[in-house]
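> I'd like to go over a predicted model; first the sequence, then the structure.
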Amino acid sequence: MKNLRNFIFILIVFIPGITNGKKLDSLGYTNHKEFFLRWDNDMFVFKDYYYTQGAHFYLVNPWLRKNPVNHLLIRFKNADNYFGLGIIQEIYTPKDVADTLLNLVDRPYAGTLYLRSFISSSLPEKSIRLTSQLDLGFLGPLAGAEQAQRYVHEWLGLPWPQGWGFQIENRPYINYNLLLEKGLIQVPGIFDLNGTARLRIGNIHDDFQISGLFRLGRINNLFKGYKLSNKNYNENKDYQWYIFGGARITAVAFNATLMGGLIPPEKERVFEYNQVEKLVGEIFGGMEMSYRFVGMRGELTWKTPEFETGEQHGWGTVYIYFRF
């Protein structure tokens, strides 16, 4: 309970210390560059529905501090600031992708494709990190989700998706996201427990999430780097290996992949607000290994139903990191 109070105190005290600053970086981040891939797919848990696939490509590089979108993002003063861009595609389907008829009680087909500008702002001495993100793109056929899923299904010999003609129609994807991470318990080099609060506001996702994460094994300080450890910190180990796990709970106000959009068109079949679950839980766990400039991570996630006629669902995730 004391750690929870400390975490809430951080939210209140440190947020006034953030800025959209231009000359307030520490020197710790300057040579840190990363490229990493993330692939989500429910085939890892022998499923093929709901959130069925996600492809993420991210670049972190100091020259991205010149991105004009950064003027809209916030960060801590005098922090290790990591500037990045990502491109993300996410695919959602009903339970039976071979069904050629419209199912009025199942999840609608939906696809998203968007560009993410972000700053991850870390204060290692306080064990705190703030990440701000602006997502701009499309929800609908312009996202190319139908083509991507059909390619993967053809490659793996899975049933051909038949219902993409019923997918949620085109609309812009505009979301602003804030994530605040705080170290709660640390046994240096062996174990840590961290809390995260996330707020998303936009025309696609409006929700608030809290989560907890533990790591156990041979670990570096979570806040001295981005996905891989920052080599400017001499105490960081070259080799890391650990297991991790945690839980998330999300209070949902709006989800356009289920409900359509705030911005027209609105003629497609979507769920009403009272058909969407207002609290959604997740548990997750996995293993991560890294050595100097390369790392890999495997993760499994299980999620409670997102709508009243829905079911629990899960997926697996593979990450590959490169530091250069």
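That came through fine.
> Find the helix or strand that the spatially closest residue to Thr304 that is not a sequence neighbour is a member of.
Nearest non-adjacent residue to Thr304, counting by Cβ to Cβ, 6 or more residues apart in numbering: Gly281, 4.5 Å away. In this view, the C-beta of every residue, glycine as well, is placed from N, C-alpha and C. Per DSSP states H and E, Gly281 falls inside strand 279-291.
> Residues touching that strand, excluding its own?
For strand 279-291, contacts defined as Cβ atoms under 8 Å, 6 or more residues apart in numbering pick out 211, 228-229, 238-252, 295-306, 317, 319, 321.
> List only buried entries from the residues you listed.
Neighbour-count burial (16 or more other Cβ atoms under 10 Å) applied to the contacts of strand 279-291 gives 211, 228-229, 240, 242, 244-246, 248, 250, 252, 295, 297, 299, 301, 303-304, 306, 317, 319, 321.
> I figured Gly298 was touching Ile320, is that so?
No - counting by Cβ atoms under 8 Å, Gly298 does not reach Ile320; the two are 10.4 Å apart.
> Which helix or strand contains the residue nearest the centre of the chain?
The residue lying closest to the centre of the chain (Cα atoms, centre = their mean) is His56, at 9.3 Å. Per DSSP H and E, His56 falls inside strand 50-60.
> What ranges does this structure have for its helices?
Secondary structure of the chain (DSSP state H): helices located at 2-14, 145-156, 256-259.
> where in this structure is pLDDT low?
Within the chain, the segments meeting pLDDT under 70 span 1-30, 263-269.
> Strands of that one, start to end?
Taking DSSP state E, the strands of the chain run over residues 18-19, 34-41, 50-60, 75-76, 80-93, 110-123, 128-139, 171-187, 191-202, 205-218, 239-255, 279-291, 294-303, 313-323.
> Using CSV, lay out those together with distance to Trp164.
CSV is the format used below for these (distance: least, Cβ to Cβ, whole Å):
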stretch, distance to Trp164
strand 18-19, 42
strand 34-41, 18
strand 50-60, 12
strand 75-76, 40
strand 80-93, 8
strand 110-123, 8
strand 128-139, 14
strand 171-187, 16
strand 191-202, 24
strand 205-218, 22
strand 239-255, 20
strand 279-291, 25
strand 294-303, 23
strand 313-323, 20
